[in-house]
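Chemist: no sequence for this one, just the structure:
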(Lines give C-alpha, C1' and ligand atoms only; values in the text may rest on other atoms or scores of the structure.)
Protein backbone atom coordinates (compact mmCIF):
# COMPACT_ATOMS: atom_id res chain seq x y z
CA UNK A 1 0.00 0.00 0.00
CA UNK A 2 1.29 3.48 -0.76
CA UNK A 3 2.23 5.67 2.17
CA UNK A 4 0.07 8.52 0.82
CA UNK A 5 -3.51 7.68 -0.23
CA UNK A 6 -4.37 8.56 -3.81
CA UNK A 7 -8.14 8.02 -4.11
CA UNK A 8 -10.04 10.94 -5.60
CA UNK A 9 -10.98 12.43 -2.21
CA UNK A 10 -7.33 12.37 -1.16
CA UNK A 11 -6.37 14.02 -4.46
CA UNK A 12 -9.10 16.65 -4.43
CA UNK A 13 -7.32 19.25 -2.22
CA UNK A 14 -4.45 19.31 -4.71
CA UNK A 15 -6.40 18.93 -7.93
CA UNK A 16 -6.18 22.08 -10.01
CA UNK A 17 -7.74 21.51 -13.42
CA UNK A 18 -6.39 23.26 -16.49
CA UNK A 19 -9.92 23.40 -17.94
CA UNK A 20 -13.45 23.51 -16.59
CA UNK A 21 -15.51 20.42 -15.76
CA UNK A 22 -17.77 21.33 -18.69
CA UNK A 23 -14.80 21.23 -21.08
CA UNK A 24 -13.61 17.82 -19.89
CA UNK A 25 -17.15 16.49 -20.07
CA UNK A 26 -17.41 17.82 -23.64
CA UNK A 27 -14.25 15.97 -24.61
CA UNK A 28 -15.51 12.69 -23.17
CA UNK A 29 -18.94 13.18 -24.77
CA UNK A 30 -17.41 13.85 -28.21
CA UNK A 31 -15.09 10.86 -27.81
CA UNK A 32 -18.03 8.61 -26.98
CA UNK A 33 -19.91 9.88 -30.04
CA UNK A 34 -16.87 9.15 -32.24
CA UNK A 35 -16.62 5.67 -30.69
CA UNK A 36 -20.28 4.99 -31.47
CA UNK A 37 -19.72 6.04 -35.08
CA UNK A 38 -16.94 3.43 -35.29
CA UNK A 39 -19.08 0.74 -33.62
CA UNK A 40 -16.80 0.51 -30.57
CA UNK A 41 -17.86 -0.62 -27.11
CA UNK A 42 -14.70 0.68 -25.43
CA UNK A 43 -11.62 2.68 -26.38
CA UNK A 44 -8.14 2.16 -24.95
CA UNK A 45 -6.03 5.33 -25.27
CA UNK A 46 -2.28 4.87 -24.78
CA UNK A 47 0.43 7.47 -24.27
CA UNK A 48 4.00 7.33 -22.97
CA UNK A 49 5.06 9.61 -20.14
CA UNK A 50 7.33 11.64 -22.36
CA UNK A 51 6.77 15.33 -23.05
CA UNK A 52 3.80 16.26 -25.19
CA UNK A 53 3.50 12.63 -26.35
CA UNK A 54 1.36 12.22 -23.22
CA UNK A 55 -1.22 14.64 -24.65
CA UNK A 56 -3.93 12.04 -25.45
CA UNK A 57 -4.06 11.02 -21.77
CA UNK A 58 -3.89 14.60 -20.52
CA UNK A 59 -6.67 15.62 -22.91
CA UNK A 60 -9.17 13.31 -21.23
CA UNK A 61 -7.96 13.25 -17.62
CA UNK A 62 -5.90 16.38 -16.73
CA UNK A 63 -3.10 13.91 -15.78
CA UNK A 64 0.30 14.02 -17.45
CA UNK A 65 2.50 11.03 -16.56
CA UNK A 66 6.09 12.02 -15.87
CA UNK A 67 7.55 8.77 -17.25
CA UNK A 68 6.54 5.17 -17.89
CA UNK A 69 3.21 4.42 -19.55
CA UNK A 70 -0.42 5.43 -19.16
CA UNK A 71 -3.73 4.17 -20.53
CA UNK A 72 -7.20 5.67 -20.41
CA UNK A 73 -10.10 3.28 -20.97
CA UNK A 74 -13.26 5.02 -22.17
CA UNK A 75 -16.66 3.32 -21.89
CA UNK A 76 -19.57 4.22 -24.14
CA UNK A 77 -21.40 5.65 -21.13
CA UNK A 78 -18.55 8.09 -20.47
CA UNK A 79 -16.88 6.29 -17.58
CA UNK A 80 -13.08 6.50 -17.52
CA UNK A 81 -10.39 4.30 -15.99
CA UNK A 82 -6.72 5.32 -15.83
CA UNK A 83 -3.97 2.69 -15.62
CA UNK A 84 -0.35 3.79 -15.27
CA UNK A 85 3.08 2.64 -14.16
CA UNK A 86 4.57 6.15 -14.33
CA UNK A 87 5.26 6.02 -10.60
CA UNK A 88 8.32 7.31 -8.77
CA UNK A 89 9.40 5.95 -5.37
CA UNK A 90 6.41 3.54 -5.40
CA UNK A 91 4.26 6.50 -4.30
CA UNK A 92 1.54 7.59 -6.75
CA UNK A 93 1.08 10.96 -5.09
CA UNK A 94 4.73 11.74 -5.84
CA UNK A 95 4.11 11.28 -9.54
CA UNK A 96 1.50 13.84 -10.55
CA UNK A 97 -1.43 11.49 -10.02
CA UNK A 98 -2.82 14.21 -7.78
CA UNK A 99 -3.55 16.09 -11.04
CA UNK A 100 -5.88 13.33 -12.31
CA UNK A 101 -9.60 14.17 -12.19
CA UNK A 102 -10.67 10.57 -12.90
CA UNK A 103 -11.83 8.62 -9.84
CA UNK A 104 -10.75 5.14 -10.97
CA UNK A 105 -6.94 5.12 -11.12
CA UNK A 106 -5.18 1.74 -11.19
CA UNK A 107 -1.45 1.72 -10.52
CA UNK A 108 1.29 -0.73 -11.44
CA UNK A 109 4.68 0.00 -9.93
CA UNK A 110 6.47 -0.95 -13.14
CA UNK A 111 9.76 -2.75 -13.74
CA UNK A 112 11.84 -0.07 -11.99
CA UNK A 113 10.24 -1.10 -8.69
CA UNK A 114 9.94 -4.83 -9.31
CA UNK A 115 6.57 -5.25 -11.03
CA UNK A 116 6.17 -7.19 -14.31
CA UNK A 117 6.85 -4.87 -17.28
CA UNK A 118 3.43 -5.61 -18.82
CA UNK A 119 1.36 -5.29 -15.62
CA UNK A 120 0.07 -1.87 -16.63
CA UNK A 121 -1.28 -3.33 -19.90
CA UNK A 122 -3.03 -6.07 -17.92
CA UNK A 123 -4.76 -3.42 -15.80
CA UNK A 124 -5.86 -1.55 -18.92
CA UNK A 125 -7.04 -4.70 -20.72
CA UNK A 126 -9.08 -5.84 -17.74
CA UNK A 127 -10.74 -2.42 -17.49
CA UNK A 128 -11.55 -2.55 -21.23
CA UNK A 129 -13.05 -6.05 -20.94
CA UNK A 130 -15.20 -4.85 -18.07
CA UNK A 131 -16.33 -1.81 -20.09
CA UNK A 132 -16.99 -3.62 -23.38
CA UNK A 133 -18.34 -6.96 -22.17
CA UNK A 134 -17.18 -10.39 -23.28
CA UNK A 135 -18.10 -9.90 -26.94
CA UNK A 136 -17.41 -6.18 -27.11
CA UNK A 137 -15.40 -4.37 -29.75
CA UNK A 138 -12.42 -2.49 -28.34
CA UNK A 139 -10.45 0.18 -30.18
CA UNK A 140 -6.84 1.20 -29.52
CA UNK A 141 -5.62 4.77 -29.96
CA UNK A 142 -1.88 5.38 -29.77
CA UNK A 143 -0.84 1.94 -30.95
CA UNK A 144 2.04 3.29 -33.04
CA UNK A 145 3.83 4.39 -29.86
CA UNK A 146 2.93 1.32 -27.79
CA UNK A 147 5.88 -0.99 -26.96
CA UNK A 148 5.48 -4.49 -28.36
CA UNK A 149 5.38 -6.18 -24.97
CA UNK A 150 2.48 -4.04 -23.80
CA UNK A 151 0.64 -4.48 -27.10
CA UNK A 152 1.06 -8.25 -26.92
CA UNK A 153 -0.50 -8.34 -23.45
CA UNK A 154 -3.43 -6.16 -24.58
CA UNK A 155 -4.03 -8.33 -27.65
CA UNK A 156 -3.90 -11.54 -25.61
CA UNK A 157 -6.63 -10.31 -23.30
CA UNK A 158 -8.61 -8.39 -25.94
CA UNK A 159 -8.82 -10.69 -29.02
CA UNK A 160 -10.97 -8.22 -30.99
CA UNK A 161 -8.65 -5.25 -30.40
CA UNK A 162 -8.57 -2.96 -33.45
CA UNK A 163 -6.73 0.21 -34.46
CA UNK A 164 -8.79 3.33 -33.74
CA UNK A 165 -6.36 6.27 -33.78
CA UNK A 166 -8.73 8.39 -35.85
CA UNK A 167 -11.37 8.39 -33.12
CA UNK A 168 -9.48 10.68 -30.75
CA UNK A 169 -7.55 12.48 -33.50
CA UNK A 170 -10.81 13.78 -35.01
CA UNK A 171 -12.11 14.94 -31.65
CA UNK A 172 -8.88 16.72 -30.74
CA UNK A 173 -8.62 18.42 -34.14
CA UNK A 174 -11.66 20.63 -33.50
CA UNK A 175 -10.91 23.07 -30.69
CA UNK A 176 -13.40 24.48 -28.18
CA UNK A 177 -13.63 28.12 -27.08
CA UNK A 178 -11.63 27.28 -23.95
CA UNK A 179 -8.87 25.61 -25.93
CA UNK A 180 -8.70 28.48 -28.43
CA UNK A 181 -8.40 31.04 -25.64
CA UNK A 182 -5.42 29.19 -24.19
CA UNK A 183 -3.80 28.89 -27.61
CA UNK A 184 -4.20 32.63 -28.17
CA UNK A 185 -2.23 33.21 -24.98
CA UNK A 186 0.44 30.71 -26.06
CA UNK A 187 0.73 32.70 -29.29
CA UNK A 188 0.92 36.03 -27.48
CA UNK A 189 3.73 34.77 -25.26
CA UNK A 190 5.58 33.55 -28.37
CA UNK A 191 5.32 37.08 -29.81
CA UNK A 192 6.87 38.49 -26.63
CA UNK A 193 9.59 35.85 -26.70
CA UNK A 194 10.49 36.86 -30.26
CA UNK A 195 10.70 40.52 -29.24
CA UNK A 196 13.27 39.52 -26.61
CA UNK A 197 15.11 37.24 -29.04
CA UNK A 198 15.47 39.81 -31.82
CA UNK A 199 16.48 42.49 -29.33
CA UNK A 200 19.44 40.25 -28.49
CA UNK A 201 20.49 39.37 -32.07
CA UNK A 202 23.59 41.42 -32.90
CA UNK A 203 27.16 40.88 -34.11
CA UNK A 204 29.23 39.22 -31.40
CA UNK A 205 26.25 37.91 -29.43
CA UNK A 206 26.22 34.15 -28.94
CA UNK A 207 23.28 32.11 -30.24
CA UNK A 208 22.66 30.77 -26.72
CA UNK A 209 22.30 34.30 -25.39
CA UNK A 210 19.56 35.15 -27.90
CA UNK A 211 17.77 31.86 -27.21
CA UNK A 212 18.09 32.43 -23.45
CA UNK A 213 16.47 35.84 -23.75
CA UNK A 214 13.45 34.25 -25.45
CA UNK A 215 13.15 31.46 -22.89
CA UNK A 216 13.46 33.88 -19.98
CA UNK A 217 10.60 35.95 -21.40
CA UNK A 218 8.41 32.84 -21.76
CA UNK A 219 8.88 31.98 -18.10
CA UNK A 220 8.26 35.53 -16.91
CA UNK A 221 4.89 35.43 -18.71
CA UNK A 222 3.87 32.06 -17.29
CA UNK A 223 4.82 29.84 -20.22
CA UNK A 224 7.67 27.45 -20.90
CA UNK A 225 9.41 25.93 -23.91
CA UNK A 226 7.17 23.69 -25.98
CA UNK A 227 10.37 22.33 -27.55
CA UNK A 228 14.03 23.30 -27.51
CA UNK A 229 14.31 26.90 -28.72
CA UNK A 230 16.31 27.12 -31.94
CA UNK A 231 18.57 30.04 -32.83
CA UNK A 232 21.19 29.13 -35.44
CA UNK A 233 23.31 31.39 -37.63
CA UNK A 234 25.76 31.15 -40.49
CA UNK A 235 25.98 27.86 -42.39
CA UNK A 236 23.75 26.13 -39.82
CA UNK A 237 20.86 28.41 -40.82
CA UNK A 238 20.88 26.56 -44.14
CA UNK A 239 20.01 23.32 -42.34
CA UNK A 240 16.94 24.84 -40.66
CA UNK A 241 16.60 23.17 -37.25
CA UNK A 242 19.46 23.03 -34.79
CA UNK A 243 20.42 23.80 -31.21
CA UNK A 244 21.93 27.16 -30.27
CA UNK A 245 25.68 27.16 -29.77
CA UNK A 246 28.22 29.20 -27.83
CA UNK A 247 29.00 30.81 -31.16
CA UNK A 248 29.07 34.58 -31.70
CA UNK A 249 26.84 35.70 -34.57
CA UNK A 250 28.53 37.63 -37.37
CA UNK A 251 27.45 40.70 -39.28
CA UNK A 252 25.53 39.91 -42.45
CA UNK A 253 24.99 36.17 -41.93
CA UNK A 254 21.53 34.62 -41.91
CA UNK A 255 19.72 33.51 -38.74
CA UNK A 256 16.96 30.91 -38.41
CA UNK A 257 14.85 30.97 -35.23
CA UNK A 258 12.10 28.57 -34.19
CA UNK A 259 10.34 28.50 -30.85
CA UNK A 260 7.17 27.20 -29.30
CA UNK A 261 5.47 28.16 -26.06
CA UNK A 262 3.69 25.67 -23.84
CA UNK A 263 0.93 27.36 -21.86
CA UNK A 264 -2.02 25.78 -20.09
CA UNK A 265 -1.29 22.45 -21.74
CA UNK A 266 -1.33 23.86 -25.29
CA UNK A 267 1.35 24.90 -27.76
CA UNK A 268 2.29 27.61 -30.19
CA UNK A 269 4.94 27.15 -32.90
CA UNK A 270 6.50 30.19 -34.61
CA UNK A 271 9.53 30.68 -36.90
CA UNK A 272 11.23 33.80 -38.15
CA UNK A 273 14.41 34.44 -40.13
CA UNK A 274 16.66 37.47 -40.36
CA UNK A 275 20.19 38.67 -41.04
CA UNK A 276 22.60 39.69 -38.28
CA UNK A 277 22.71 43.46 -38.34
CA UNK A 278 19.13 43.63 -39.60
CA UNK A 279 19.61 44.50 -43.27
CA UNK A 280 19.53 41.71 -45.85
CA UNK A 281 21.12 42.05 -49.27
CA UNK A 282 21.75 39.95 -52.33
CA UNK A 283 20.77 36.29 -52.32
CA UNK A 284 19.94 36.37 -48.59
CA UNK A 285 17.35 39.07 -49.21
CA UNK A 286 15.93 37.11 -52.16
CA UNK A 287 15.61 34.01 -50.00
CA UNK A 288 13.84 35.86 -47.20
CA UNK A 289 11.50 37.48 -49.73
CA UNK A 290 10.49 34.19 -51.35
CA UNK A 291 9.73 32.79 -47.89
CA UNK A 292 7.46 35.77 -47.28
CA UNK A 293 5.84 35.42 -50.71
CA UNK A 294 5.07 31.77 -49.98
CA UNK A 295 3.54 32.65 -46.64
CA UNK A 296 1.17 35.21 -48.16
CA UNK A 297 0.28 33.05 -51.18
CA UNK A 298 -0.91 30.17 -49.05
CA UNK A 299 -2.93 32.48 -46.82
CA UNK A 300 -4.87 33.65 -49.88
CA UNK A 301 -6.25 30.10 -50.23
CA UNK A 302 -6.25 28.83 -46.68
CA UNK A 303 -9.68 28.59 -45.06
CA UNK A 304 -12.64 26.33 -44.32
CA UNK A 305 -13.71 24.01 -47.11
CA UNK A 306 -10.34 24.17 -48.86
CA UNK A 307 -8.13 21.12 -49.03
CA UNK A 308 -4.52 21.11 -47.90
CA UNK A 309 -3.56 20.17 -51.46
CA UNK A 310 -5.21 23.36 -52.77
CA UNK A 311 -2.98 25.35 -50.43
CA UNK A 312 -0.02 23.36 -51.72
CA UNK A 313 -0.88 24.27 -55.32
CA UNK A 314 -0.82 27.97 -54.43
CA UNK A 315 2.59 27.58 -52.82
CA UNK A 316 4.06 25.65 -55.75
CA UNK A 317 2.96 28.43 -58.10
CA UNK A 318 5.22 30.88 -56.22
CA UNK A 319 8.45 28.97 -56.75
CA UNK A 320 7.72 27.19 -60.03
CA UNK A 321 10.30 28.16 -62.66
CA UNK A 322 12.23 30.36 -60.24
CA UNK A 323 15.74 30.02 -58.79
CA UNK A 324 14.48 28.66 -55.47
CA UNK A 325 12.21 25.94 -56.85
CA UNK A 326 14.80 23.20 -56.16
CA UNK A 327 14.99 24.26 -52.53
CA UNK A 328 11.27 24.45 -51.76
CA UNK A 329 9.87 21.75 -49.40
CA UNK A 330 6.47 20.56 -50.75
CA UNK A 331 6.57 17.42 -48.60
CA UNK A 332 5.88 19.38 -45.44
CA UNK A 333 4.72 22.97 -45.05
CA UNK A 334 3.17 22.65 -41.60
CA UNK A 335 1.15 20.48 -39.26
CA UNK A 336 -1.72 20.45 -36.86
CA UNK A 337 -0.98 21.75 -33.37
CA UNK A 338 -2.71 21.75 -30.01
CA UNK A 339 -1.73 19.90 -26.84
CA UNK A 340 1.16 18.45 -28.86
CA UNK A 341 3.41 20.40 -31.22
CA UNK A 342 2.84 17.81 -33.97
CA UNK A 343 -0.76 16.77 -34.49
CA UNK A 344 -2.97 15.82 -37.41
CA UNK A 345 -3.39 16.95 -40.10
CA UNK A 346 -0.03 17.10 -41.79
CA UNK A 347 0.33 19.89 -44.35
CA UNK A 348 1.89 18.44 -47.49
CA UNK A 349 1.33 18.22 -51.24
CA UNK A 350 -1.24 15.57 -52.08
CA UNK A 351 -3.11 15.69 -48.77
CA UNK A 352 -6.81 15.99 -49.64
CA UNK A 353 -7.93 16.62 -46.05
CA UNK A 354 -10.44 19.47 -45.93
CA UNK A 355 -9.77 22.28 -43.49
CA UNK A 356 -12.60 22.86 -41.02
CA UNK A 357 -13.48 25.70 -38.62
CA UNK A 358 -11.75 25.40 -35.24
CA UNK A 359 -8.79 23.44 -36.57
CA UNK A 360 -5.43 24.87 -35.47
CA UNK A 361 -2.29 24.52 -37.57
CA UNK A 362 1.34 25.58 -37.59
CA UNK A 363 1.73 26.94 -41.11
CA UNK A 364 5.34 27.13 -42.39
CA UNK A 365 6.01 27.00 -46.15
CA UNK A 366 9.79 27.01 -46.47
CA UNK A 367 12.75 27.26 -48.79
CA UNK A 368 15.98 25.86 -47.32
CA UNK A 369 19.30 26.49 -49.07
CA UNK A 370 22.27 24.63 -47.66
CA UNK A 371 25.17 26.97 -47.01
CA UNK A 372 23.01 30.09 -47.14
CA UNK A 373 19.98 29.95 -44.87
CA UNK A 374 16.25 29.43 -44.62
CA UNK A 375 13.36 31.51 -45.94
CA UNK A 376 10.28 30.79 -43.84
CA UNK A 377 7.59 32.59 -41.90
CA UNK A 378 5.72 30.27 -39.53
CA UNK A 379 2.65 31.18 -37.51
CA UNK A 380 0.11 29.31 -35.45
CA UNK A 381 -3.27 29.74 -37.15
CA UNK A 382 -6.89 29.06 -36.29
CA UNK A 383 -9.25 28.12 -39.12
CA UNK A 384 -12.41 30.22 -38.71
CA UNK A 385 -15.84 30.18 -40.33
CA UNK A 386 -14.67 32.67 -42.96
CA UNK A 387 -10.91 32.19 -43.23
CA UNK A 388 -8.21 32.13 -40.59
CA UNK A 389 -7.00 33.95 -37.49
CA UNK A 390 -3.35 34.39 -36.63
CA UNK A 391 -2.75 33.21 -33.07
CA UNK A 392 0.84 34.46 -33.26
CA UNK A 393 1.37 38.00 -34.53
CA UNK A 394 5.06 38.89 -34.44
CA UNK A 395 6.00 40.99 -37.52
CA UNK A 396 6.67 38.80 -40.54
CA UNK A 397 9.40 41.06 -41.97
CA UNK A 398 12.49 41.11 -39.76
CA UNK A 399 15.25 42.08 -42.15
CA UNK A 400 14.67 45.71 -43.13
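Modeler: Everything's here; your move. Just so we're clear, the structure is a prediction, and the values are computed from it rather than from any experiment.

Chemist: show me what contacts residue 291?
Modeler: Counting by C-beta atoms under 8 Å, 6 or more residues apart in numbering, residue 291 makes contact with 273, 365, 366, 367, 374, 375, 376, 377. In short, each C-beta sits where N, CA and C put it, glycine included.

Chemist: what's the spacing between it and residue 70?
Modeler: Applying C-beta to C-beta, to the nearest Å, the value for residue 291 to residue 70 is 40 Å.

Chemist: highest neighbour count among the contacts of residue 291?
Modeler: The residue in the contacts of residue 291 with the most neighbours, by other C-beta atoms under 10 Å, is residue 365 (32 neighbours).

Chemist: I figured it was touching residue 376, is that so?
Modeler: Yes: counting by C-beta atoms under 8 Å, residue 365 does reach residue 376; the two are 7.0 Å apart.

Chemist: tell me, what's touching these two both at once?
Modeler: Contacts common to residue 365 and residue 376, judged by C-beta under 8 Å, 6+ apart, are 291, 294, 295.

Chemist: just to revisit the earlier point, and the two most separated of the contacts of residue 291?
Modeler: Among these, the pair separated by the greatest distance (C-beta to C-beta) is 273 and 365, at 12.6 Å.

Chemist: what touches both of those two?
Modeler: Here residue 273 and residue 365 have 291, 376 as joint contacts, going by C-beta under 8 Å, 6+ apart.

Chemist: report the beta-bridge partner residues of residue 363.
Modeler: Counting by DSSP bridges, residue 363 is bridged to residue 334, residue 379.

Chemist: so, low pLDDT: which residues of the protein?
Modeler: 1 (pLDDT under 70).

Chemist: can you give me the domain assignment for it?
Modeler: Following automatic domain parsing, the chain resolves into domains at 8-173, 177-390.

Chemist: surely residue 48 is in contact with residue 54?
Modeler: Yes: between residue 48 and residue 54 there is a contact under C-beta under 8 Å: 6.7 Å.

Chemist: so for the two, which residue has more residues nearby?
Modeler: residue 54 (22 against 18).

Chemist: what distance do you get for that one to residue 341?
Modeler: In terms of C-beta to C-beta, residue 54 sits 13 Å off from residue 341.

Chemist: and if you look at residue 175?
Modeler: For residue 175 relative to residue 341 (C-beta to C-beta), the value is 15 Å.

Chemist: same check, this time on residue 304
Modeler: Residue 304 is 23 Å from residue 341, by C-beta to C-beta.

Chemist: the two: who's more crowded?
Modeler: residue 341 (19 against 16).

Chemist: who are the contact partners of the more buried one?
Modeler: Contacts of residue 341 by C-beta under 8 Å, 6+ apart are 52, 226, 227, 260, 267, 269, 335, 362.

Chemist: now swap in residue 38 and tell me
Modeler: For residue 38, the contact set (C-beta under 8 Å, 6+ apart) comprises 139, 164, 166, 167.

Chemist: can you map out the strands along the stretch 1-150 of the chain?
Modeler: 42-48, 69-75, 80-84, 104-107, 138-141 (DSSP state E, counting those that start in this stretch).

Chemist: of those, give the one that comes closest to residue 34.
Modeler: strand 42-48 (8.5 Å).

Chemist: dump the domains of the chain into JSON lines; add distance to residue 399 as well.
Modeler: Formatted as JSON lines, those follow (distance: least, C-beta to C-beta, whole Å):
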{"stretch": "domain 8-173", "distance to residue 399": "31"}
{"stretch": "domain 177-390", "distance to residue 399": "4"}
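
Chemist: wait, which of those is closest to residue 398?
Modeler: Nearest of these (C-beta to C-beta): domain 177-390, 4.2 Å.

Chemist: neighbour count and secondary structure added to the contacts of residue 38, as a markdown table?
Modeler: Output for these, formatted as a markdown table (neighbours: other C-beta atoms under 10 Å; DSSP: H, G, I helix; E, B strand; the rest coil):
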| residue | neighbour count | secondary structure |
| --- | --- | --- |
| 139 | 28 | strand |
| 164 | 22 | coil |
| 166 | 14 | helix |
| 167 | 25 | helix |
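
Chemist: now the two most distant members of these.
Modeler: Longest span within the contacts of residue 38, C-beta to C-beta: 139 and 166, 9.3 Å.

Chemist: tell me how many other residues crowd residue 29.
Modeler: 12.

Chemist: my error: substitute residue 354 in the last question.
Modeler: 14.

Chemist: which residue packs closest to it, ignoring adjacent ones?
Modeler: The spatially closest residue to residue 354, leaving aside those adjacent along the chain, is residue 307, at 5.4 Å (C-beta to C-beta, 6 or more residues apart in numbering).

Chemist: the one you found and residue 252, how far apart?
Modeler: For residue 307 relative to residue 252 (C-beta to C-beta), the value is 41 Å.

Chemist: before we move on, what about residue 262?
Modeler: With distances taken as C-beta to C-beta, residue 262 is found 34 Å from residue 252.

Chemist: got it, and residue 73?
Modeler: 58 Å.

Chemist: and these two? Which one has more around it.
Modeler: The neighbour count for residue 73 versus residue 252, taken as other C-beta under 10 Å, is higher for residue 73 (27 against 14).

Chemist: bridging residues for the more buried one?
Modeler: Beta-bridge partners for residue 73, by DSSP bridges, are residue 44, residue 81.

Chemist: go ahead and confirm it touches residue 129.
Modeler: No: using C-beta under 8 Å, residue 73 makes no contact with residue 129, being 9.5 Å away.

Chemist: can you pull the contacts of residue 172?
Modeler: Per C-beta under 8 Å, 6+ apart, neighbours of residue 172: 55, 56, 59, 338, 339, 343.

Chemist: residues near the fourth one, how many?
Modeler: The local packing count at residue 338 equals 25, with neighbours defined by other C-beta under 10 Å.

Chemist: circling back to that earlier point, adding secondary structure and distance to residue 119, write the contacts of residue 291 out as TSV.
Modeler: Putting those into TSV (DSSP: H, G, I helix; E, B strand; the rest coil; distance: C-beta to C-beta, whole Å) gives the following:
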residue	secondary structure	distance to residue 119
273	strand	49
365	coil	47
366	strand	45
367	strand	50
374	strand	47
375	strand	51
376	strand	46
377	coil	48
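
Chemist: where do the helices sit along this structure?
Modeler: Listed in chain order, the helices of the chain (DSSP state H) span 8-11, 21-37, 55-61, 119-132, 148-157, 165-173, 177-200, 207-220, 282-301, 308-319.
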